[in-house]
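[1] just a sequence and a predicted model for now, questions to come.
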Amino acid sequence: DAGVIQSPRHEVTEMGQEVTLRCKPISGHDYLFWYRQTMMRGLELLIYFNNNVPIDDSGMPEDRFSAKMPNASFSTLKIQPSEPRDSAVYFCASSPGGLAGYTFGSGTRLTVV
Amino acid sequence: AQSVSQHNHHVILSEAASLELGCNYSYGGTVNLFWYVQYPGQHLQLLLKYFSGDPLVKGIKGFEAEFIKSKFSFNLRKPSVQWSDTAEYFCAVAVYSGGGADGLTFGKGTHLIIQP
């Protein structure tokens, strides 16, 4: 299996632009998680899905952030409009549930200038 | 809500030294516990996990951790570190949800530097 695949690896955008981050979970994993990593706040859970349905989005910082999972093999995290304080590394992770744990993708390093 | 505390933000050791990184969590119920490692510029990789059973858990690369329920602790240990162990280490907890999966709550991380 190729693991959790995220794209792009790096994204540099100007303030006010829309940014879309993408994630392909491991096939058969029913759970998908989006995390954000910054120096100040560490790793924060933004939202997670179970069978494509959002279960907990309490970590989404504000209305500028939205996440979707249209099918079992694809999820997006969108920021519109982007701001410099959104600069971070965004990780996607998936899990089959139970005792298997979580597998993380390589992350997307977002820089908003 | 649960929280995770890692007491050492930066640790510097010489090669062959023994390592112990502290981790405490706060949650009154059943939890699943994890240690992840993040090498510079890379994603998180699972070192080990505890779900139930033997509280002494062995992971990859010679790491182990001990779950002490009475102390709400899950400290990571390695008897002899190597230069290649230089990385960021994260302790994480997930509330036990039967056959499901809950989101992970991470500690702030410990930056470990091993000097040759």
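    That came in fine, so what should we check first?
[2] C-alpha from now on. contacts and neighbour counts both.
    Fine.
[3] which one is the residue nearest the centre of chain B nearest to, not counting chain neighbours?
    Chain B has B:Trp35 as the residue nearest its centroid, 3.1 Å off, counting by Cα atoms, centre = their mean. Nearest residue to B:Trp35, sequence neighbours excluded (Cα to Cα, 6 or more residues apart in numbering or on different chains): B:Cys91, at 4.6 Å.
[4] who are the neighbours in contact with the one you found?
    Counting by Cα atoms under 8 Å, 6 or more residues apart in numbering or on different chains, B:Cys91 touches B:Val4, B:Gln6, B:Cys23, B:Leu33, B:Phe34, B:Trp35, B:Tyr36, B:Phe106, B:Gly107, B:Gly109.
[5] picking that back up, okay but the residue nearest to the centre of chain B is in contact with B:Leu46, surely?
    Yes. Assessed by Cα atoms under 8 Å, B:Trp35 is found in contact with B:Leu46 at 6.3 Å.
[6] is the helix or strand harbouring A:Arg109 anywhere near chain B?
    Using DSSP states H and E, A:Arg109 sits in strand A:108-112. No. Strand A:108-112 lies out of reach of chain B by Cα under 8 Å from any Cα of the partner chain, never closer than 9.8 Å.
[7] just checking: what are the partner strands of that strand?
    strand A:10-13 (parallel), strand A:88-95 (antiparallel) (DSSP bridges).
[8] could you give the angle of whichever helix or strand comes after the first one to strand A:88-95?
    Pointing back at strand A:10-13 there. Counting by DSSP H and E, the next helix or strand C-terminal to strand A:10-13 is strand A:19-24. Between strand A:19-24 and strand A:88-95, the angle comes out at 30 degrees (axes from the mean of the first three to the mean of the last three Cα atoms, to 10 degrees).
[9] what lies in contact with strand A:19-24?
    With Cα under 8 Å, 6+ apart as the criterion, strand A:19-24 contacts A:4-8, A:13, A:73-82, A:92, A:108.
[10] circling back: in the helix or strand hosting the residue nearest to B:Trp35, what's buried?
    Using DSSP H and E, the element containing B:Cys91 is strand B:87-95. Within strand B:87-95, the residues that qualify as buried are B:Ala87, B:Glu88, B:Tyr89, B:Phe90, B:Cys91, B:Ala92, B:Val93, B:Ala94, B:Val95, counting by 16 or more other Cα atoms under 10 Å in any protein chain shown.
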